[in-house]
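A.B. asks: Model the structure of this input:
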Amino acid sequence: MRSTSWKLLATLGVVTAAAASLGGGGTFAGFTAEVKNPANAFSNGTLVLSNTKTGGSACLSTGGGSTDTNANAACDTLINASVQKPGDSATQTLTVTNSGSLAAAAFKLYSAACTNADNAESHHGTGNPCSKVQVYVQQYSDSGFTTASSCLYGGGTATACDFSDAGKTLAAFQTAYGSSTNGLAIGNGLAAGASAYFKVGVKLPSDADNTYQGRKATFDVTWYAS
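C.D. replies: Coordinates of the predicted model:
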């Protein structure tokens, strides 16, 4: 009996040791697969307007800084006509360029305000020149401003502007196109890198009376892209 018991215990010990070696610390190979799409990025383009009065310097919508605001109210004054009389007019050409990398789906022109005031003369009338001074906006197809392509606002034909419509005044333009929301649409937008060429003209009609003496109309012109 003692001999049999010892052999049975010895056999159990061997089985236990083998089970322990199978259950711990072993490394087993398996099937794996891996693919990677690296350096994914989402980069935004820019929409920047450049406004250049003929003979002046380019004025960027960024103001030369970041695009966080991207609205510049300090570009060159286009027209500064003084000591004018009935029948006098003034014009100025300019170039507006999309200097960004994105096309503008909408390109507009608007005037947020026209202000009537006394000028620096010693004597003044009481008239409102904003409602009397005529305005036109002529678009050209070339940088030399030689080929008229569209009369955007004013009298004349669909192609070429003039001062034949006395109702096309500064006040009328501001009333019709006073913000970026209802601005005067120009073409079908402005492609990236493209330029558009314009002439802005103003005139005090010949029938202006004494009430307009010593008075002035101050107005803004804003070019808008989105």
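
A.B. asks: can you list contacts of stretch 217-226?
C.D. replies: By CB atoms under 8 Å, 6 or more residues apart in numbering, the list of residues contacting stretch 217-226 from outside reads 47, 49, 51, 73, 78, 96, 98, 104-117, 129-130, 132-133, 170, 174, 180, 183, 189-190, 200. Where you see a C-beta, it was placed from the backbone N, CA and C, and this is true even at glycine.

A.B. asks: switch the cut-off to 6 Å
C.D. replies: 49, 96, 104, 106-112, 114-115, 129-130, 133, 170, 180, 183, 190 (CB atoms under 6 Å, 6 or more residues apart in numbering).

A.B. asks: ok, how many other residues are close to the nearest residue to Ala208 once chain neighbours are set aside?
C.D. replies: The spatial neighbour of Ala208 that comes closest, neighbours along the chain excluded (CB to CB, 6 or more residues apart in numbering), is Pro86 at 4.2 Å. Other residues lying near Pro86 total 14 when counted by other CB atoms under 10 Å.

A.B. asks: next one: the one 5 residues further on
C.D. replies: By the criterion of other CB under 10 Å, Thr91 has 16 neighbours.

A.B. asks: got the contact list for it?
C.D. replies: Neighbours of Thr91 in contact, by CB under 6 Å, 6+ apart: 199, 201.

A.B. asks: before we move on, what SS does it have?
C.D. replies: Look at Thr91: counting by DSSP: H, G, I helix; E, B strand; the rest coil, its state is strand.

A.B. asks: returning to that earlier point: unless I'm mixing things up, the residue nearest to Ala208 is touching Ser206, no?
C.D. replies: Yes: applying CB atoms under 6 Å as the test, Pro86 and Ser206 come out as touching, 4.9 Å apart.

A.B. asks: Now do the strands in the chain.
C.D. replies: Remark: strands of the chain, listed N- to C-terminal, are 49-53, 59-60, 89-98, 107-110, 114-118, 134-140, 148-153, 155-156, 161-162, 184-185, 195-203, 215-219, 222-225; assignment by DSSP state E.
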